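Student: One predicted model, sequence on top.
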Amino acid sequence: MRIRWRVVVPVATVCTAALWWMASPASTPPAQALDPVAQASMGAPAPRDVAPAASAPRRAPFSAAGLDDRQARIALWQQRLERAKQTLAMYRAATRYPFDSRPASEHADQWLTHQVVTTDAPLRMPGTGIVPNLRVHTTQQKVFATGADTVLLTVTATDDNGAVLPLRVLSSMTHSPQDTGGGKAAPLAPVVTQPFVDDGSNGDARAGDGTFTARLDPSAEGFGNFAGLIRTELVVQSGDQQGYVAFDVVYAPRPPATWTGSVHDAMRDGSLDFILGVDVDQPGRYVITGRVDDADGKALALVTFNDELGAGARQVPLRVYGRLVRDLKPALPLTLHDVEGFLLKPDAYPDRALMASLDGPVATSRKYVAAQFSDALFSSDETQRYLAEYGKDVAQAQQQLAQLQGPPAKP
Amino acid sequence: MNTRLRNVSICGAVLAAAGFAAVSQATNYSLWVNGRTGGGQAGNYADFTYWGPATTAAGINKKSVNWDGYSHISDQNYLVRNALDCFCTGTNWCYVAAHSAGDLMVGYTLAMYGGSSRTITNATPNASGVCGASGAGTQTGWNIKWVDVAAGAGGGSELANVGDWATSEPLVSDLKTGTARALYDHNNTRSHWFYMWAGAKGTLYSGVLPGQDDEAVAYHSAGAVSGSSGGAYCNPSDWFCNDLTLGTAGNEGGTAKWSYHTVSFRDDNEQYNHYTNGQWQGTVGLVRQDMVTYAK
């Protein structure tokens, strides 16, 4: 249906006014000037459109003030044009490859899996002052854990230069915080003492080095049926100073899916798919990420699957996009390695249940030649939508500038 | 039917037609996503309690995307998805501004759900902030032009690590530096640019927050420095600490920023802290100005 706005708008305006008049008691005061929010939501020029002149009255175009206004508006639209052009160019460049097959350089901090989380802070109790030259260094093997995963935790007292200082662990307790937010009941979880040792056992790297270690083992410590946050809290002491340390691990009791061990590759539409077999126990949205190196071991691409999987035997494609291969010219064949995955649970905590990770090389592709990969740029409904909109923004800014830079209208 | 009633009926029909047409008209919106503490009523897009007076200009058709600023990011994320579904689908487009933990919220949304199928809505929210289907079907992802971030907590805060923020608070657990950085792939913004504003007027927690800070988050987070842990980053005037660089360039010392993140503002004069004070203050004030200039 095509709406005749020239008819509708005046009629609607008159009708609105008439309805308002009919509904208003006689004592209703005159409406006040609309605030900028109301104006904007009614489709009138938004405040930023009149900036920087803002709410100032429009000046005569040939006056000095009028010319200043004009220059300011030109500067504003030049800024807007610049950002619009930049946004368009950057989006066009970024989307030459699909969102699920990206250059490794774009995800440098994702390349190493199982990155140990470290912290370094003054050794102190919360809310208290800082003792100079006394710090506490911690490491945590992982943040998310599932099933039989264990998590190594370490704590060390140091001076400002990193030299290890004597430390005592006064208390160490593992439990789940009771407040889960949103009025939800806290799941039942045990409270256990967590032994931190410096005797070279239970994951402790070296006896007597001043670093105390615990191996959190949720399934063996009574958390086997628990899903949520497991917190290990310590009070430690070095010299006369006491300090607080906490480690948080987000735990899910069982993996939602298992790898079948089946992996093969296929060339589809000029792109290389590594296809992994998965046996899905809990259906839902899965986020699965793998890394791809070339034959020389050079990082090439981060490949991702983020979509729904039904229960049962499924195949997960991890795609190396053809144009990416053509552009980056890797040595072939390609190797998929270090694949991680989890079930994403919307609007829940924990928001994920991890699958067992596939560490190290997972599969090496058959031998293809570069010419078998497509050099077509990626395109989708989504990217076309964005490019059209960003292009429109550029055109609009150019039009505004052209109008402003033209001869001023005669009064 | 008397004349007055007939006039009312005609006017009602015309207004309904105009309303229908308005739905199919392209509209741009400015969405503001709050951080820790919240304060605005969830689902009420006109409630700017967290930010400041609702009469203040803050980008075209501004909407306050309120969440409680207390619960876990994943628990409250539906509120952000609701807002994006409402205002950023079909022919409608959004500019997004976020503060503090709102950065984590927006980043999480795009990384986890940025490529999901979304229902195109009528941009008319009900009391819960949910919009109805327009009948135009679905689309992949949302329509977001770019994201402005004041005092971003996407990289977490050491105040969450060391227990200075209430350890019982669910969000504080998400804001631990290691947890925030492991929560999602921060480089995966679906090619949307995050413009970062980093404040440095922090004094109270200077010994706890590494490098420069705004009293709640350090430069490593507000400046989108990549990696699984935080670090100390400063202004160029500090010779004993690596500089946080402007733009997308790597920082002094060699660390990279997350992809599609650029530092628009570094507080070299240490003038801006973390807090809005209910008056659009701190780095939020700078972002507001940017929204006024560019979100049109």
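Tutor: Here it is on my side, so go on. Residues are numbered from 1 along each chain as shown, chains lettered A, B, ... in the order given.
Student: can you give me the helices in the chain?
Tutor: I'll assume chain A. With DSSP state H as the criterion, chain A has helices at A:5-23, A:36-41, A:47-50, A:64-94, A:322-328, A:381-405.
Student: oops, I was thinking of chain B
Tutor: Taking DSSP H, the helices of chain B run over residues B:3-23, B:73-87, B:101-113, B:158-161, B:170-174, B:177-182, B:219-222, B:283-294.
Student: Let me know the angle separating the third one from helix B:73-87.
Tutor: This means helix B:101-113. Angle, helix B:101-113 to helix B:73-87, by axes from the mean of the first three to the mean of the last three C-alpha atoms, to 10 degrees: 80 degrees.
Student: A:A214 is in contact with A:P195, correct?
Tutor: Yes. Applying C-beta atoms under 8 Å as the test, A:P195 and A:A214 come out as touching, 6.2 Å apart. All C-beta spots, glycine's among them, are computed from the backbone N, C-alpha and C.
Student: Who has more neighbours out of these two?
Tutor: Under the criterion of other C-beta atoms under 10 Å in any protein chain shown, the comparison of A:P195 against A:A214 puts A:A214 first, with 24 against 13.
Student: B:A153 versus that one, what's the distance?
Tutor: In this view, A:A214 and B:A153 are 28 Å apart by C-beta to C-beta, to the nearest Å.
Student: swap in A:D269?
Tutor: 41 Å.
Student: So between the two, which is more surrounded?
Tutor: B:A153 (31 against 10).
Student: how about that one, what does it touch?
Tutor: Residues in contact with B:A153 (C-beta atoms under 8 Å, 6 or more residues apart in numbering or on different chains) are B:35-36, B:100-101, B:103-104, B:175, B:180, B:216-217, B:221-222.
Student: What's the separation between it and chain A?
Tutor: When C-beta to the nearest C-beta, to the nearest Å is applied, the distance between B:A153 and chain A equals 16 Å.
Student: same thing with B:G35?
Tutor: With distances defined as C-beta to the nearest C-beta, the gap from B:G35 to chain A amounts to 15 Å.
Student: same thing with B:M291?
Tutor: Distance of B:M291 to chain A, computed by C-beta to the nearest C-beta: 8 Å.
Student: Return the per-residue confidence for the residue nearest to that residue when sequence neighbours are not counted.
Tutor: The spatially closest residue to B:M291, leaving aside those adjacent along the chain, is B:G59, at 3.5 Å (C-beta to C-beta, 6 or more residues apart in numbering or on different chains). On pLDDT, B:G59 comes in at 98.
Student: Am I right that B:G59 is in contact with B:Q289?
Tutor: No. With contacts defined as C-beta under 8 Å, B:G59 does not count as touching B:Q289, sitting 10.0 Å away.
Student: Those two - which one has more neighbours?
Tutor: Under the neighbour definition other C-beta under 10 Å, B:G59 and B:Q289 were set side by side, and B:G59 has more, 29 against 16.
Student: Let me know which of the helices of chain B is tucked in deepest.
Tutor: Per residue and on average, the most neighbours among those fall to helix B:219-222, with a mean of 33 (mean count of other C-beta atoms under 10 Å in any protein chain shown).
Student: How about it and chain A, any contact?
Tutor: No. Counting by C-beta under 8 Å from any C-beta of the partner chain, chain A has no neighbours in helix B:219-222; the shortest distance is 12.1 Å.
Student: Which strands or helices does that helix pack on?
Tutor: The contact analysis (3 or more C-beta pairs under 8 Å, 6 or more residues apart in numbering or on different chains; DSSP states H and E) places helix B:219-222 against strand B:194-198.
Student: 10 Å instead?
Tutor: Contact here means 3 or more C-beta pairs under 10 Å, 6 or more residues apart in numbering or on different chains; DSSP states H and E; on that basis helix B:219-222 packs against helix B:101-113, helix B:177-182, strand B:194-198, strand B:261-266.
Student: what is the mean pLDDT for that helix?
Tutor: 98.
Student: so how far is stretch A:202-214 from its chain's centroid?
Tutor: Using C-alpha atoms, centre = their mean, to the nearest Å, the distance from the centre of stretch A:202-214 to the centre of the chain it belongs to is 34 Å.
Student: Next: stretch A:104-117.
Tutor: The gap between the average C-alpha position of stretch A:104-117 and the chain average comes to 14 Å, counting by C-alpha atoms, centre = their mean.
Student: what do A:P195 and A:A214 both touch?
Tutor: Taking C-beta atoms under 10 Å, 6 or more residues apart in numbering or on different chains as the contact criterion, the residues that touch both A:P195 and A:A214 are A:169, A:172, A:202.
Student: What separation do you get for the first one and chain B?
Tutor: Distance, A:V169 to chain B, by C-beta to the nearest C-beta: 16 Å.
Student: Report how many residues lie close to that residue.
Tutor: 18.
Student: Who are the contact partners of it?
Tutor: Counting by C-beta under 10 Å, 6+ apart, A:V169 makes contact with A:155, A:194-198, A:212, A:214, A:234-237, A:245.
Student: next one: the second one
Tutor: Counting by C-beta under 10 Å, 6+ apart, A:S172 makes contact with A:153, A:155, A:192-196, A:212, A:214, A:232-236, A:245, A:247.
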